[in-house]
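>>> quick one: sequence and predicted model below, then my questions.
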Amino acid sequence: MIPARAGSIISSASVSSCVGAAASHAYTASKHAVLGLTRNAAVELGQFGIRVNCLSPYAMVTPLATKFVGLSDDLFEAMMESRGNLKGRTLRVDDVANAALYLASDEAQFVSGHNLAVDGGFTVGNPSLKMFQYPPES
């Protein structure tokens, strides 16, 4: 990539790279490390026209995830939606793949050092702060 003075590197982290309490401390620390490495590589490689970005998805059904938590696909999705911010949607692996395609594409030619959270807004809100409901409950 350096001789070509172009390229795109995409690392994979997690919402745990943005917030605490979404997973174990070891997992969270490793995802913060991925993000730190991504940002540092973006600084080092930007001079060669190489873009470096990171994807941080929310939890989604994968064989590894469902085996780890010991739930069926349906129960895992229901649990994640109940804890998520964007209601009526479920994160799918294709959503993350599409985000990666965007970061690798020419449409993202000036995006570097970014952590793209594919999380339905999970990392922007604190669920312990109860928002008002609309329409109001009777």
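That came in fine, so what should we check first?

>>> for residue 119, give me the pLDDT.
Looking at residue 119, its pLDDT is 92.

>>> I'd say it and residue 56 touch.
Yes: here residue 119 reaches residue 56: they are 6.9 Å apart, a contact under C-beta atoms under 8 Å. Backbone N, C-alpha and C define where each C-beta goes, glycine included.

>>> overlap of the contact sets of those two?
When contacts are counted by C-beta atoms under 8 Å, 6 or more residues apart in numbering, residue 119 and residue 56 are jointly contacted by residue 15.

>>> assign a three-state SS to residue 42, would you?
Secondary structure for residue 42, judged by DSSP: H, G, I helix; E, B strand; the rest coil, is helix.

>>> okay, now it: neighbour count?
19 (other C-beta atoms under 10 Å).

>>> sec struct for the residue nearest to the spatial centre of the chain, please.
Computing the C-alpha centroid of the chain and ranking residues by C-alpha atoms, centre = their mean puts residue 56 first, at 1.7 Å. With three-state DSSP as the basis, residue 56 sits in strand.

>>> ditto for residue 23
Strictly by three-state DSSP, residue 23 counts as coil.

>>> need the nearest residue in space to it, chain neighbours excluded.
Sequence neighbours aside, residue 16 is the residue nearest to residue 23 in space, at 4.7 Å (criterion: C-beta to C-beta, 6 or more residues apart in numbering).

>>> got a list of what the one you found touches?
Contacts of residue 16 (C-beta under 8 Å, 6+ apart): 22, 23, 27, 28, 31, 32, 56.
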